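Asker: 3D, please:
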Amino acid sequence: MALNPLENLDLFTNRPGDGEALADISQRCTRQRIPVSMRQQTPAASCRTLRSEDAMTPMTEQFAFPFDTAASNASEESIGGTPIGSSQTVYVPPSSTPPSANTKRRWPSTSRLDDLKPPTRADRPASVQGCVAWLSEQLGGADPEFKAIRGAIATIAAVIHRTEDRRRAVTKHLPADPVQLRPLLAAALPAALRVSASRWGNVKSLLKSLLIATGWVAASARSRLPLSGTWSCTFSLVSSNQLRLPIRPFLRFCEHRGILPAQVTAGDLLAYEHWLINETLDLKPRSTVAQVQAAWRRLGRACLKWPQQDITTPSRVLRKTLSFADFPPSFEADVLAFMASLGDPNPLDPDAGRPMAETSVQHARRNILRAATCLVRSGSSVPAESITSIATLVVPAAFNAVLMILYEEGKPSLAAAGETAQWTKVAESIASTLVTAARRWVRIPPEVLRQLSRTRSMVVPRRGGLTNRVQDRLAEFATDEDRRELYELPWRAFDEADRFMREKDFRRGPKLHETALALALLLHHPMRIGNMMSLDLERHFLRDRRGRPTQVAIPATEVKNKVSIRFELPPDLAARFERHLTAFRPHIHGHAGTTALFPGARGGPRRPAAMGEHLRCLVERQIGKRFNAHLVRHLAVDIVTEETGGDLRPAQQLLGHRDRRTTEGTYGSRATLVANRRYQQILREQANRAAGAATRKPAARKPRNRRK
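Answerer: Next up, the predicted model:
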C-alpha cells in the first residue's frame, strides 16, 4: 500500500496538545473540501501539529502538492469490494482511525439493515408489501427502523393510490421491481395529500433502504458513500456544486467497477444508464445520463487535468421528419416548385386553385417531407434515394403505406389522451396535402385520383371537443376551493421568492419569481403560452406618465389567429411586475442581451416548452394537481360559462376566437355540463320550496259572521 501523501509534506512536528491540533486540521480540511484520502489519518496518540511558521499559511498553499497520476492510479480494493486496478496502488484511509470530535461525520451511523443478508433472487418478494413482511420477520414488529419503514410505505401507497384513482387505474400491490415502480413514483403527487417535500424525500429514502435490504436496489446506489483513491483526487477538481451533484454518482459507479479516469468511454455511460434503470430508483435515468454528459464536457473544457476523452453516447431520438439532405436533390427541387405554384398559381390553369397563404405553403412543405419520411420507414422497400419527386408519394401503394405508418404512430398519443385508436388530425392533413399535390401538380389520371380521394375520405379524426385527459384535469378544479388554491398560488410563490432573496439565494429566488409571474399573467388573461413568452418590455407594455405598466397589447400579426390581445394589469400585479424587473430579472442568466420579459439562457425569449415545464412543476408540487399552461384557457371557459348560464359568446371574446363555431365545437360539451349543473340546482331549489310549503302550517281561518 502506498504511503499517505500528507506524510511526505513535512508539515507536522511533535508538540503537546495533539488532540486539539488534529481536530483543527481535520475541521479545516473538511471546510476546504480536501479529499478524504488526502486528510491526516494518523492515530491520536502519534498525531502532529502544524509548525508555527506555517500556522498562517493558507490551506491552498499547505496542501498544494503535485499528484503523481501513475502512483495514484488504483489497485486497492474499493469501498464496495471490487478491485479497481491490477498493478498500481492508492491510499485508502484505515477504518480504525478514530474521528476527531469536531470533524463532520463522513460515514452514516450503523443500521441493522446493513447487517441483514438479502434473500436470493428467486426468494425475494415481488411486491413492496411483501418486502415489508420479510423485514418484519427479520427485525421484528417492534423495531424502530421497521416502524419508520412501514409508515413510509403506507404514505407512498396512499399517495400512489390517490393519483391512480384520478387516472382510473388502481394497483393493489406496489411492485418492488424498480423498472415497474419507477413510473408510479414519477406520476405521484404527494401535495394532493398534503405531504411536504421534505417528508416525501425521507419517505423515498426509506423505500430505497427497504429495497436495498431485499436485494432489489444495489447497495452502491447509496449517495452517502464517499469516493476514494484516484477518483477522489479527480473529484476534487470539481468546484461547482451544480456539476458535483450529477457527476459524483457516475464517478462512484466507475470506481466500483474498476474503471480508471482515463479509461472511461461512452459504453461505460450506457452501462451506467442500464444500471440506473434496473438497480436504482432514479426517476429520470436518461435525463441523469444527459446531465452527466454535459457536466463531463464542461469539466473537460474548463480543467486541463480532467480526463479529455469524449463520452457522448449516440442519439437515440428518432426524428419524425428527415431532412432534404437525406433525399436526392431532385426531390427538394420538385417540392420547392410545387410550393411556388401553391403561393402563385397560374391564373389560366383551371386545376391550379386559389393562391395559398405563406403559412399554408410552409405547412404543405412539412407535410410532404413527413410523408416521404413515413414511406422510407414503412418497410415497403422504398429507400430514400429512390424518392426523386412528389409523384413517388401519390402512387396508391405508397399513399396507403404512408397512412398506415401515421395510424400506428398516432396510437400512443391517443391512448395517453384517453382516446381509442383512430386517425389523428396530422394524418388527415398529410392525406389532404398529398391529394392536392396529385391533382394540382402531378396531374395523375382521373381514376387514380378518385381512388386516392376515396382513401382520403376514410381518414376521419375525432372532431371537436376536449379529450378525456383534459376533462379529467378540469374536474380537479371543479370546486371554488380548488380554484382559489390555484389563483392564490402565484402570490404564495412571490412571498417564497422574496424569502430566498433575503437569504441571498440568487438562483432559486429569481427562477421561482419568474415562474410565479408567468402563472399570474396566465391566470389574469388566458392567452397562449407562445404569446406570453414573446412579451417584450419595449413593444408590448403600455405605461402611464409615471412609467408604470398599465396595459399589455400584442398586435394581431403576432397572434395565431390574427386577433390582437389587449388587457389591463391590476395594480397589485403591476407592482409585482415592477419588482420583478428591478430585483429579480437582473439575476436571471441571459437578461442583458434581450428586452424579452422572460429571457432565455442564450438570449432572446425563453422557449414556451421550458416555461410550460416550470409551470407544471410549480402547480403539481404545491397543490398536487395535474397542470399544463393551456389548461388555463379551458378553465377560463368553465368559469365564464358558469356565470353566464352556458352562453359561450363571452368565452369566445375572452379567448380571441374569430369564429363562433370554433368555440362551440371545442367547448360545447362544457356548456352542456354547465347547463346540467344549473338544471340540478333549479331542481334542488324547487324541491326545497315544495318541502317548505308542505311543512308550513295552514293559517287559521277567521270565523264568518252569520246574520242573525
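Asker: got a list of what E578 touches?
Answerer: By C-beta atoms under 8 Å, 6 or more residues apart in numbering, the residues touching E578 are 548-549. Where C-beta positions appear, they are placed from N, C-alpha and C, glycine not excepted.
Asker: One more pass at 10 Å, please.
Answerer: For E578, the contacting residues are 547-549, by C-beta atoms under 10 Å, 6 or more residues apart in numbering.
Asker: quick one: what helix or strand has it in it?
Answerer: helix 571-579 (DSSP states H and E).
Asker: so how far is Q471 from T666?
Answerer: T666 sits 12 Å away from Q471, going by C-beta to C-beta, to the nearest Å.
Asker: wait, doesn't G665 sit right on G465?
Answerer: Yes: under the criterion of C-beta atoms under 10 Å, G665 makes contact with G465 at 7.2 Å.
Asker: who touches both of T666 and Q471?
Answerer: Counting by C-beta under 10 Å, 6+ apart, the residues touching both T666 and Q471 are 465, 634.
Asker: For D351, what are phi and psi?
Answerer: Phi and psi for D351, reported as degrees, to the nearest 10, are phi -100, psi 0.
Asker: State the distance from it to T436.
Answerer: Distance of D351 to T436, given as C-beta to C-beta: 10 Å.
Asker: of the two, who's got more company?
Answerer: It is T436, of D351 and T436, that has more neighbours when counted by other C-beta atoms under 10 Å, with 17 against 10.
Asker: got the contact list for the more buried one?
Answerer: With C-beta under 10 Å, 6+ apart, T436 has these contacts: 338, 342, 353, 356, 364, 367, 456.
Asker: CSV for those, including distance to F627, secondary structure and pLDDT?
Answerer: Below are the contacts of T436 laid out as CSV (distance: C-beta to C-beta, whole Å; DSSP: H, G, I helix; E, B strand; the rest coil; pLDDT from 0 to 100):
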residue, distance to F627, secondary structure, pLDDT
F338, 42, helix, 92
L342, 40, helix, 90
G353, 43, coil, 77
M356, 37, coil, 85
A364, 35, helix, 93
N367, 32, helix, 93
R456, 37, helix, 93
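Asker: Can you say which of those are buried?
Answerer: Buried members of these, counted by 16 or more other C-beta atoms under 10 Å: 338, 342, 356, 364, 367, 456.
Asker: Find the nearest non-adjacent residue to the fourth one, please.
Answerer: Which is A364. Nearest non-adjacent residue to A364, counting by C-beta to C-beta, 6 or more residues apart in numbering: T433, 5.0 Å away.
Asker: Okay, and the one you found sits in which element?
Answerer: Counting by DSSP H and E, T433 is found in helix 425-437.
Asker: can you check P650 too?
Answerer: Secondary-structure assignment from DSSP H and E places P650 in helix 649-655.
Asker: Then S209?
Answerer: For S209, the host element (DSSP H and E) is helix 197-213.
Asker: do R248 as well
Answerer: helix 241-256.
Asker: that older thread, any chance of TSV for the contacts of T436, columns distance to T582?
Answerer: Shown next, in TSV, are the contacts of T436 (distance: C-beta to C-beta, whole Å):
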residue	distance to T582
F338	53
L342	50
G353	55
M356	47
A364	47
N367	47
R456	57
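Asker: Tell me the one of those nearest E385?
Answerer: Of all these, E385 sits closest to F338, with 20.3 Å by C-beta to C-beta.
Asker: Please look at the closest one and R440 and confirm they touch.
Answerer: Yes: assessed by C-beta under 10 Å, F338 is found in contact with R440 at 8.1 Å.
Asker: quick one: the helix holding E578 to chain centroid distance?
Answerer: Centroid displacement of helix 571-579 relative to its chain, using C-alpha atoms, centre = their mean, to the nearest Å, is 29 Å.
Asker: Return the angle between stretch directions for the helix or strand that that helix is followed by and helix 197-213.
Answerer: Note on helix 571-579: by DSSP H and E, the next helix or strand toward the C-terminus is helix 608-623. Orientation of helix 608-623 against helix 197-213 (axes from the mean of the first three to the mean of the last three C-alpha atoms, to 10 degrees) gives an angle of 90 degrees.
Asker: Distance-wise, check M533 relative to Q362.
Answerer: 21 Å.
Asker: And L135, what's its pLDDT?
Answerer: For L135, the pLDDT comes out at 92.
Asker: I should have written E643 there, sorry.
Answerer: 86.
Asker: The one 5 residues further on too?
Answerer: Listed pLDDT for L648 reads 87.
Asker: how long is stretch 467-487 end to end?
Answerer: With C-alpha to C-alpha, to the nearest Å as the measure, stretch 467-487 spans 24 Å from end to end.
Asker: whoops, I mixed them up, stretch 537-544
Answerer: For stretch 537-544, the end-to-end distance is 14 Å (C-alpha to C-alpha).
Asker: buried sites along that stretch?
Answerer: Residues of stretch 537-544 classed as buried: 540-541 (neighbour count, 16+ other C-beta under 10 Å).
Asker: So what's the gap between that stretch and the chain middle?
Answerer: Going by C-alpha atoms, centre = their mean, where stretch 537-544 is centred and where its chain is centred differ by 32 Å.
Asker: which outside residues touch it?
Answerer: Contact partners of stretch 537-544, identified using C-beta under 10 Å, 6+ apart, comprise 531, 534-535, 548-555, 558, 565-566, 568-569, 574, 577, 581, 585, 594-597.
Asker: Of those, select the buried ones using a ChimeraX command.
Answerer: A single ChimeraX command selects the buried members of the contacts of stretch 537-544 (16+ other C-beta under 10 Å):
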select :531,534,535,549,552,554,565,569,574,577,585,594,596,597
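Asker: What ranges does the stretch 251-400 of the chain have for its helices?
Answerer: All helices of the stretch 251-400 of the chain, identified by DSSP state H, counting those that start in this stretch, fall at 266-279, 285-302, 329-343, 358-376, 396-416.
Asker: Between its first and last residues, how far does stretch 269-288 reach?
Answerer: OK, stretch 269-288 end separation, C-alpha to C-alpha: 11 Å.
Asker: and if you look at stretch 434-450?
Answerer: First-to-last residue span, stretch 434-450, C-alpha to C-alpha: 13 Å.
Asker: Pull out the buried residues from it.
Answerer: Judged by neighbour count using 16+ other C-beta under 10 Å, the buried positions of stretch 434-450 are 434-442, 444, 449.
Asker: a markdown table for those residues, including distance to Q293 and pLDDT?
Answerer: A markdown table is the format used below for those (distance: C-beta to C-beta, whole Å; pLDDT from 0 to 100):
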| residue | distance to Q293 | pLDDT |
| --- | --- | --- |
| L434 | 40 | 95 |
| V435 | 44 | 94 |
| T436 | 44 | 93 |
| A437 | 42 | 93 |
| A438 | 45 | 93 |
| R439 | 49 | 91 |
| R440 | 47 | 89 |
| W441 | 45 | 91 |
| V442 | 46 | 92 |
| I444 | 49 | 91 |
| L449 | 51 | 93 |
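Asker: Closest one to N346 out of those, please.
Answerer: R440 (10.0 Å).
Asker: hang on, that closest one packs against D351?
Answerer: Yes: R440 is within contact range of D351, at 5.8 Å (criterion: C-beta under 10 Å).
Asker: shared neighbours, the two?
Answerer: Both R440 and D351 are contacted by P345, under the criterion C-beta under 10 Å, 6+ apart.
Asker: burial count for E145?
Answerer: 16.
Asker: For it, which non-adjacent residue is spatially closest?
Answerer: R112 (6.0 Å).
Asker: doesn't I149 make contact with the one you found?
Answerer: No: contact criterion C-beta under 10 Å: R112 and I149 do not qualify, at 11.1 Å.
Asker: so what sits against both of those two?
Answerer: When contacts are counted by C-beta under 10 Å, 6+ apart, R112 and I149 have 135, 139, 143, 213 as shared neighbours.
Asker: Just among those residues, which is most surrounded?
Answerer: A213 (27 neighbours).
Asker: Just give me the neighbour total for A691.
Answerer: If you count neighbours by other C-beta under 10 Å, A691 ends up with 10.
Asker: Fine, thanks again, bye for now.
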